[in-house]
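> dropping a prediction and its sequence here:
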Amino acid sequence: MGRFHITIKGKAAHSGNHHQEGISAIQELAHQILFLHSLTDYEKGTTLNVGVVKGGSTENVVAEHAEPGVDLRISQIEQGHRITEVIHGIQPHLEGISLQISGGINRPPMERTDKTAQLFILAKSCASELGIHLTEESVGGGSDGNFTSASGIPTLDGLGAAGEGIHAGNEHIEIDQLPVRAALFACLLTKL
């Protein structure tokens with residue numbers, strides 16, 4: 001995963017008396033958000049999300065300043081390098097705008113390896129013994145497992161508490177599944 005911060009600098013002006021003298025950083029922000037979101041490619045496991053924006057000073061002033069915060073998720077390191085280069089190469093859409101871009105990849109992707117696939121087969125065997133249906137998935141999360149996987153250590157993630165709604169209003173864990181998940185993990189440890 002990666003995080004990027006873009007500072008957009010325009011030119012302030014009164015939005016009624018001198019609108020034509022202003023250069024809206026927020027208008028530029030709108031162009032950049034559409035471009036950044038267009039880089040999402042689900043087939044390649046790459047997502048971009050502008051999750052935080054701020055800018056402007058008040059409604060009657062052409063915005064001189066705007067800032068988007070960008071989250072990048074990748075499934076392959078090559079994609080991360082490519083997208084990082086694209087983001088750092090972004091150019092303004094509006095004449096007179098300046099952009100300052102910082103950030104980059106801060107966590108390697110958890111790429112599937114043969115050793116991780118073997119570890120999953122072992123976990124699936126434990127799950128079958130306990131009557132649990134376990135499926136293999138690849139998602140855009142980030143954990144310490146990203147670092148162990150990138151170091152060549154077979155790594156599984158997502159074996160903790162079961163639940164739904166990660167980072168959403170309905171986020172919850174299923175209390176009755178805690179002993180089941182503990183049993184799964186204990187079984188896996190005894191087979192290693």
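In hand now; what should we look at?

> got the contact list for the residue with the largest distance to the centre of the chain?
Residue farthest from the centre of the chain, counting by CA atoms, centre = their mean, is Asn17 at 41.6 Å. By CB atoms under 8 Å, 6 or more residues apart in numbering, no residues touch Asn17. (C-beta placed from N, C-alpha, C; glycine too.)

> assumed it was part of a helix.
No: looking at Asn17 with DSSP: H, G, I helix; E, B strand; the rest coil, it is coil, so not inside a helix.

> and the helices in the chain?
In the chain, the segments counted as helices under DSSP state H are 25-38, 77-88, 114-129, 145-150, 178-191.

> quick one: buried residues of stretch 174-191?
Buried residues in stretch 174-191, counted by 16 or more other CB atoms under 10 Å: 181, 184, 187-188.

> now swap in stretch 16-29 and tell me
22-29.

> that older thread, lowest-confidence stretch among the helices of the chain?
Of all the helices of the chain, helix 145-150 carries the lowest average pLDDT, namely a mean of 83.

> who are the packing partners of that helix?
Helices and strands touching helix 145-150, by 3 or more CB pairs under 8 Å, 6 or more residues apart in numbering; DSSP states H and E: there are none.

> ok, the residue nearest to Gly163 when sequence neighbours are not counted - contacts?
In space, and not counting its chain neighbours, Gly163 is closest to Ile173: 3.8 Å by CB to CB, 6 or more residues apart in numbering. By CB under 8 Å, 6+ apart, the residues touching Ile173 are 161-163.
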